[in-house]
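Enquirer: I would like the atomic coordinates for the input below:
(chains A, B and C)
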Amino acid sequence: MSDLVLSSIRKSFGTVDVIHGVDLTVTDGEFVVFVGPSGCGKSTLLRIIAGLEACTSGDILLDGRRVNDVAAADRGLAMVFQSYALYPHMSVRQNLSFGLENARMSKAEITQRVGEAARMLRIEELLERKPRQLSGGQRQRVAIGRAIVRRPGIFLLDEPLSNLDAELRVAMRGELASLHKRLAATMIYVTHDQVEAMTMADRIVVLRGGRVEQIGPPLELYNRPANRFVAGFLGAPRMNFLAARPAGRDLILADGTRVPVAVDLAPVAGQDVTLGIRPQHLRPADGGGIPATATLVEQLGSETVVHARSDALGALIVAVPGQVRLADGETVHLAFDPADAHVFGPDDRALPHVETAGA
Amino acid sequence: MTGIAESGGVLRFLTRRRNEGRIHWTDVATWMWLISGLILMFGPVIWLGLSSLKTRAALTEFPPTLLPLATKEVRVEGFANPLPLFVVKLEDGTERELAQVRRVGIRARMVDPADPTKTFDVPIEARTAVREVSPAWENYTEPLQRFAFVRFFGNSLFVTIVATIITLIVNSMAAFALAKYQFRGRGAIMAFIVSTLMIPLSVILIPLFMVINGLGLFNSLWGVILPTVATPTGVFLLRQYMLTIPDEMLEAARMDKASEWQIYWRIILPLTAPALAVLAIFSVMWRWNDFLWPLIVLSRQELFTLQIGLSSFAGELNVQWHYVLAMTFVTMLPVVFVFGLLQRFITTGIAGTGMK
Amino acid sequence: MHLLLAPVRWLMHLIGVPLGWVQRTFGMGGMAAVFLAPNLLVFSVFIVFPIGVNVWYSFTGGAALFPAGRVFVGTEQYDLLLACDSYLDPFSCRQDRFWKGVHNTAFFVVAQVAAMVAAALITALVLNREIRGRGFWRAVFFFPVLLSPVVVGLMWKWILLRDGALNALLVSLGYQRIEFLTDPQWAMFWVIFVSVWAHLGFYALILLAGLQAIPHDVYEAAKMDGTPAMRVFWRITLPLLWPTMLVVLVLASIRAVQVFDDAYVLTGGGPGTATFFIVQYIYETGFAGAARNLGLAAAASMLMALVLVVLTLAQLGITAWRDRQEGKR
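Expert: Here you go, the predicted model:
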């Protein structure tokens, strides 16, 4: 098991910069997830770590050793590809042993490792089959198995679940998490799916446009997003953003509603800011709050999602636990706890919360 | 209304819908085309096969018989050699099967095979030969013994197999480099290779002959094999196929510590097998049927390929058609056999690649 | 199978040893060079270099085979080839056989390609119907493609001889015998017929693939519109098949220009020069007979190459155009 340090990694394809100086430390045994929209550079970053791409500048340190010029095969890493990249003409067993044979490992050792990985992934009875005879989930396991037998310092996983159907994806998510625990391995996992990131990661790295937006444990990112992008990217339905203007310790919204927030507004006095509030934190109130008209009510059973509209504020989404009777066109008043409000300055950075425990 | 029904039939013809019950003129036309195609395509081959089994004498007959017939012969007591059998119309109007002892002018001396003591003297118009199907296998066996056809066959086999193997290796290596590596000048090399498609062998016969001569490959089977092992079509076909192999597969192999050479022969080659098979079939066909270039390179008879041997054989010896036909059939046989085995594969391969 | 592959594996392994060193020393670029080298070597020696030499040949005279021994004569060979009072009359040319070949080849290309495309199109339309045993019928029309020109030539010669099967058929039907191979017009007819016979299946298959690529819903839409059937053929099938038709046209033309072997075996170029084509001229001028003239043959091949280059460029242009069309669809 290894630790990894990236320092000021940059990458450009021709004149196009795709990674703008990434610094990151991954400690031994950690499960780190790179998440971001497509084109954010997360896969490129992973491939740079793998050694499949060279970075334009910066250092990659594995266990303290600079490996920029070490070939992919010699970095002691293993990668699980999005398409699995199983060798279609080889049986599962050959797929697992191919890399070990290339490393001139003894036959006995290969057999032992393949057997162990197959047991762990419950694919023992599939060993003689060809990849095309396997289901999507089974192929996924083989792809992971091919990484496991190598006993790599770090597992690199490039959107490994994106080719599975929704149900299988949930199941594999759990298996991957438990595998991580059992192997106590360092894993770096790339996904565009924020749910995968939230559920599996020890730490999430949110990337956008080749820059790190925020690094931290999932709940920290969810509760205290550093900027408007991270706030919008994590959580479903998406966070509501409302234009506002500070007035003392409160905010005045575009429709004139005055709402209190537990955020220190002093640095942005007199400037346009954005109020961010998660749909789950809005609730219908009997009076006061923000008035809006319900345009669509989605009854999910456990939850009711209300799409509402206000002429001055635009669209709003509210997620209320349980079942709420509400008709389209009805006017709702929406309120929230000041502590749940996020305020983003003109530069889209989050303003610090004031601890309101006593107040 | 009938107009619509009518056009429905034509539409079916033009759009391949199954005819639902009624017979339309297009169905008739279709089957007429198919049947006449069958006769026209297979007829000559069958005729060749049947003719190749006829004796030299039977081949000069006009009109020819369909089947390889020969006069039936019988052994008659008291005669050392078998005698030809005839049906003879006797003067009394009866017909009898008699064996001919000898012919003298316009009369023939006949004998009854059942009773050798009875002889007849009949005019030759009165007898017709009794014929039976009797394939002249010696048409096949004799030239194989007397002429160097086995040798020609061996030469053709050698050229075909060796050339095909080299073609597959050389072209697949180049295709791999052009499909999976980024390097400067890749586009230029590709364009260069494709552009030589324009220059068929028949245009550069003379300087190529000079090159072969200069390399000492004149009158050598290698002189036949080497010039066309690097086929632009082959490179192009294989490259197009290799482009469909995901790069991730190669990256996975690189992560698996495979060297580039290992990637080529353990990953790329097996995965390109379908395209390699198509190219192999074409190569076999090209090489086995190749005529003009071997004709130029090979002048010593013991080096002739089957095609050259066959054509020179047909040209000399005052055209011994009974041998020529048999050897033509032998030359054709391997191709027909291979085609029979791989028919579907070949036809879909050609339709898919537009190669020939 | 495993036993068979064992020596191959061993050999590949052996080759891999020095190549491993190349990869470590020169990196991926070095390996790309290694993979390309054999192909480019063969290419340069046997294609590119001869092309250059051919140009030189065509400007030289003398009997020497090696370029160094040849005398530069400028455009003399071309002048000789092109010396004609009237290009429409081969016998007014100094190289009357060359021009006879040009005329014959031009006629052959036009007639053979027209007949070929028509027959191939009908065959493709027929094969595209839902007929029983489609694979069998496809094979019936296709298998002559695989036969060698020598086999095809001899097979048909045997049928067309004075005492051949076809004349036997004519006589049995009460007609006179026809000298199929010794009458100039008939000989040309049969050369064309036999080459269509031999290659029809190939072009029919390409057209069949083109027909099958036409989306079926187009026909269904036409049916819903009540489009008359012949109109469907002329306005839908043919325009959608047109790109494939063009490819077939050009491919067939490129091959037709190079007609030699099947005709050579069937008629030997005769009777007289009735079926004498350009490639035969090149072959005989350069290789056969006592009066070998390599320079003249090279010049003739250069002129033929010119035609082929134009045709091939047309094909590449069409292919690119078709790809664009398909991209739009």
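Enquirer: residue numbers of chain B in contact with chain A?
Expert: Contact residues, chain B versus chain A (C-beta under 8 Å from any C-beta of the partner chain): B:246, B:248-249, B:251-259, B:262, B:266-267, B:270-271, B:273. Just so you know, the C-beta spots here come from the backbone N, C-alpha and C atoms, and that holds for glycine as well.
Enquirer: out of the residues you listed, which touch chain C?
Expert: Among these, chain C is touched by B:Ser259, B:Gln262 when using C-beta under 8 Å from any C-beta.
Enquirer: which among the residues of chain B next to chain A end up buried?
Expert: B:248-249, B:251-259, B:262, B:266-267, B:271 (16 or more other C-beta atoms under 10 Å in any protein chain shown).
Enquirer: which one of those residues is nearest chain C?
Expert: Nearest to chain C, judged by C-beta to the nearest C-beta, of those is B:Ser259 at 5.3 Å.
Enquirer: just give the nearest non-adjacent residue to that closest one, would you?
Expert: Closest residue to B:Ser259 apart from its sequence neighbours, by C-beta to C-beta, 6 or more residues apart in numbering or on different chains: C:Gly20 at 5.3 Å.
Enquirer: how far is the helix or strand that contains the one you found from where the chain is centred?
Expert: Using DSSP states H and E, C:Gly20 sits in helix C:2-43. Counting by C-alpha atoms, centre = their mean, to the nearest Å, helix C:2-43 is centred 35 Å from the centre of its parent chain.
Enquirer: same check on stretch A:108-117?
Expert: 33 Å.
Enquirer: that one close to chain B?
Expert: No. Applying C-beta under 8 Å from any C-beta, one finds stretch A:108-117 out of contact with chain B, separated by at least 12.5 Å.
Enquirer: what stretches of chain B score poorly on pLDDT?
Expert: Applying pLDDT under 70 to chain B flags residues B:1-23, B:62, B:198, B:316-319, B:346-356.
Enquirer: relative to its centre, which residue of it is most distant?
Expert: For chain B, the largest distance from the centre (C-alpha atoms, centre = their mean) belongs to B:Asp92, which lies 54.6 Å off.
Enquirer: now do the same for that one: helix, strand or coil?
Expert: Assigned with DSSP: H, G, I helix; E, B strand; the rest coil, B:Asp92 falls in the coil class.
Enquirer: packing partners of the helix holding C:Gly20?
Expert: For helix C:2-43, the elements it packs on are helix B:149-180, helix B:186-195, helix B:260-262, judged by 3 or more C-beta pairs under 8 Å, 6 or more residues apart in numbering or on different chains; DSSP states H and E.
Enquirer: so which of those is nearest A:Ile110?
Expert: helix B:260-262 (16.3 Å; C-beta to C-beta).
Enquirer: mind listing the helices for the chain?
Expert: Using chain A. A:42-50, A:92-102, A:107-121, A:136-148, A:166-183, A:194-200, A:218-223, A:228-233 (DSSP state H).
Enquirer: ah, I was thinking of chain C
Expert: C:2-43, C:49-58, C:76-82, C:96-127, C:134-142, C:149-160, C:165-172, C:184-213, C:216-224, C:229-232, C:238-257, C:261-267, C:278-286, C:294-328.
Enquirer: right, and A:Gly145 touches A:Arg119 too?
Expert: No. Applying C-beta atoms under 8 Å as the test, A:Gly145 and A:Arg119 come out as separate, 10.1 Å apart.
Enquirer: and those two? Which one has more around it.
Expert: When A:Gly145 and A:Arg119 are compared for neighbours, A:Gly145 comes out ahead with 24 against 10, by other C-beta atoms under 10 Å in any protein chain shown.
Enquirer: which residues touch that one?
Expert: By C-beta atoms under 8 Å, 6 or more residues apart in numbering or on different chains, the residues touching A:Gly145 are A:Val92, A:Leu96, A:Ala117, A:Ala118, A:Met120, A:Leu121, A:Ile123.
Enquirer: what's the pLDDT at A:Ala357?
Expert: The confidence metric pLDDT takes the value 49 at A:Ala357.
Enquirer: and if you look at A:Asp202?
Expert: 94.
Enquirer: in contact with B:Glu248, which residues?
Expert: B:Glu248 touches A:Phe81, A:Gln82, A:Ser83, A:Ala85, counting by C-beta under 8 Å, 6+ apart.
Enquirer: picking that back up, and the two most separated of the buried ones among the residues of chain B next to chain A?
Expert: B:Lys257 and B:Leu271 (19.0 Å).
Enquirer: which phi and psi values does B:Arg109 adopt?
Expert: phi -100, psi 120 (degrees, to the nearest 10).
Enquirer: cool, C:Gly269 as well?
Expert: phi 90, psi -10.
Enquirer: isn't it right up against C:Val279?
Expert: No. With contacts counted by C-beta under 8 Å, C:Gly269 stays clear of C:Val279, the gap being 10.4 Å.
Enquirer: about what we covered before: among the contacts of B:Glu248, which ones lie close to chain B?
Expert: Within those, those near chain B by C-beta under 8 Å from any C-beta are A:Phe81, A:Gln82, A:Ser83, A:Ala85.
Enquirer: okay, those in JSON lines with neighbour count and pLDDT next?
Expert: Below are the ones next to chain B among the contacts of B:Glu248 laid out as JSON lines (neighbours: other C-beta atoms under 10 Å in any protein chain shown; pLDDT from 0 to 100):
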{"residue": "A:Phe81", "neighbour count": "22", "pLDDT": "89"}
{"residue": "A:Gln82", "neighbour count": "18", "pLDDT": "88"}
{"residue": "A:Ser83", "neighbour count": "17", "pLDDT": "87"}
{"residue": "A:Ala85", "neighbour count": "25", "pLDDT": "87"}
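Enquirer: if we can go back for a sec, for the residue nearest to B:Ser259, grab the count of nearby residues.
Expert: 15.
Enquirer: near chain C, which residues of the stretch 101-250 of chain B are found?
Expert: So far as C-beta under 8 Å from any C-beta goes, the stretch 101-250 of chain B lies against chain C at B:169-171, B:173-174, B:176-178, B:181, B:183, B:189, B:193-194, B:196-200, B:202-211, B:213-214, B:226-230, B:235.
Enquirer: what's the burial count for the residue lying closest to C:Leu246 once chain neighbours are set aside?
Expert: Nearest residue to C:Leu246, sequence neighbours excluded (C-beta to C-beta, 6+ apart): C:Ile318, at 4.7 Å. Number of residues near C:Ile318 (other C-beta under 10 Å) recorded here: 18.
Enquirer: give me the phi and psi for A:Ala341.
Expert: phi -80, psi 140.
Enquirer: skip the chain neighbours and tell me the closest residue to it.
Expert: Nearest to A:Ala341 is A:Val261, by C-beta to C-beta, 6+ apart, at 4.0 Å.
Enquirer: residue in the stretch 51-200 of chain A nearest to chain C?
Expert: A:Ala71 (9.1 Å).
Enquirer: return the backbone torsion pair for that residue.
Expert: phi -70, psi 150.
Enquirer: next up, the contacts around the closest residue to it other than its chain neighbours.
Expert: Sequence neighbours aside, A:Gly51 is the residue nearest to A:Ala71 in space, at 6.1 Å (criterion: C-beta to C-beta, 6+ apart). Listed by C-beta under 8 Å, 6+ apart, the contact set of A:Gly51 reads A:Val67, A:Val70, A:Ala71, A:Ala72, A:Ala73, A:Arg75, A:Leu77.
Enquirer: what sits against the second one?
Expert: Contact partners of A:Val70, counting by C-beta under 8 Å, 6+ apart, are A:Gly51.
Enquirer: if we can go back for a sec, between the helices of chain A, which gets nearest to C:Pro38?
Expert: C:Pro38 sits nearest to helix A:92-102 of all those, at 24.9 Å, using C-beta to C-beta.
Enquirer: check which helices and strands the closest one sits against.
Expert: Counting by 3+ C-beta pairs under 8 Å, 6+ apart, helix A:92-102 packs on helix A:107-121, helix A:136-148.
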